[in-house]
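Visitor: for reference, the sequence and a predicted model appear below.
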Amino acid sequence: MKAYVFPGQGSQYSGMGKDLYDLYPVAREMFENANQILGYRITDIMFNGTPESLQQTHVTQPAVFIHSVIAEKVQTIDVPDMVAGHSLGEYSALVACGALSFEDALRLVAKRAAAMQKACDLQPSTMAAVLGLPDDVVEEVCDQVKGEIVVAANFNCPGQVVISGSIDGIDQACQLLREKGAKRALKLNVGGAFHSPLMQPAAEELKRAILDTHFSAPQCPIYQNVNAYPQSDPDAIRENLVAQLTATVRWTQTVRNMIQDGATEFHEFGPGTVLRGLIKKIDDSVAIY
């Protein structure tokens, strides 16, 4: 069985999508449609912008989404057996399985990015990558930090967890994790504490937009971040999408569940090769393209 997967924020690079724009008329049409929806030429930033300009959340999220959806559109004619996306990539996956239109999903992604930026501005916060410890040990350490918000934000693959929270909380947690034997516990250069309770204001703002958006029944199951299980009910998909902003991205569990349910090959669509590397570490027996 064939699984399509889509990356999230952090996979962007200068020049992304230019080859698709030049080669495929349908891609050119979709890029120009995206420019109109957003009200500015995001293609100029994607194709020619500096890495710094692409790192701005309000640009990064729509850029990665647009690239991912268009890459899947021009390279496939099949309907996958299942789909999933890492964080932001879940919106690309929803387009790939027919639950959302490209246009509606792009509008939601733009609102998501703006809402997350606002939440970041409300309280300085950050994230850190932790390497070399089991998931449960990382969670235990996060619970040991008192008086600060610190949670496990991304279970990316065995031995690789990202934690999220207040700046003081992350500093404390990193020290404790090193004492527990972490090979690395380093703060990331991100705008805020994504996938933590500090994103609650963004979740409340995005919820209204999601409830106002039409969702169709997907053509195949989508494995969602919040619980790693397949979902086909539009109302449940909506709820999980709202919860995603404050909940943990369970990528390790998602990939394992997809394999358990029959996935034998994974196809990553979008900028970079981050997910291919993670999937190989989760289970190197499956084919990855």
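Guide: Arrived safely, thanks for sending. Residues are numbered from 1 along each chain as shown.

Visitor: would you mind giving the domain segments of this structure?
Guide: Split into domains by automatic domain parsing, the chain comes to 2-121+197-288, 125-187.

Visitor: okay if I get the ones you listed as JSON lines plus mean neighbour count and mean pLDDT?
Guide: For the C-beta atoms, the positions are set from N, CA and C on the backbone; glycine is no exception. Formatted as JSON lines, the domains of the chain follow (neighbours: other Cβ atoms under 10 Å; pLDDT from 0 to 100):
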{"stretch": "domain 2-121+197-288", "mean neighbour count": "19", "mean pLDDT": "96"}
{"stretch": "domain 125-187", "mean neighbour count": "19", "mean pLDDT": "96"}
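
Visitor: how about the helices in the stretch 1-150 of the chain?
Guide: Secondary structure of the stretch 1-150 of the chain (DSSP state H, counting those that start in this stretch): helices at 18-23, 25-38, 42-48, 51-54, 57-75, 89-96, 102-122, 135-144.

Visitor: can you add distance to Ala287 and give those back as CSV?
Guide: Output for those, formatted as CSV (distance: least, Cβ to Cβ, whole Å):
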stretch, distance to Ala287
helix 18-23, 24
helix 25-38, 26
helix 42-48, 29
helix 51-54, 31
helix 57-75, 16
helix 89-96, 19
helix 102-122, 28
helix 135-144, 26
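
Visitor: my guess is Gly8 contacts Ala84, does it?
Guide: No. Assessed by Cβ atoms under 8 Å, Gly8 is found out of contact with Ala84, at 11.1 Å.

Visitor: related to what we said a few turns ago, among the helices of the stretch 1-150 of the chain, which comes closest to Phe155?
Guide: helix 135-144 (5.5 Å; Cβ to Cβ).

Visitor: quick check: angle from the helix or strand containing Gly165 to helix 135-144?
Guide: Under the assignment given by DSSP states H and E, the secondary-structure element containing Gly165 is strand 160-166. Here strand 160-166 runs at 10 degrees with respect to helix 135-144, directions being taken by axes from the mean of the first three to the mean of the last three Cα atoms, to 10 degrees.

Visitor: what pairs with strand 160-166, parallel or antiparallel?
Guide: With DSSP bridges as the criterion, the sheet partners recorded for strand 160-166 are strand 125-131 (antiparallel), strand 150-157 (antiparallel).

Visitor: OK, contacts around Ala105?
Guide: Counting by Cβ atoms under 8 Å, 6 or more residues apart in numbering, Ala105 makes contact with Phe65, Val69, Tyr91, Ser92, Leu94, Val95.

Visitor: tell me the one of the residues you listed nearest Asp284?
Guide: Ser92 (24.6 Å).

Visitor: and that closest one, how far is that from Pro7?
Guide: As for Ser92, its distance to Pro7 is 8 Å (criterion: Cβ to Cβ, to the nearest Å).

Visitor: quick one: common contacting residues for the two?
Guide: Overlap between the neighbourhoods of Ser92 and Pro7 consists of Val64, Ser68, Gly85, Gly270, taking contacts as Cβ under 8 Å, 6+ apart.
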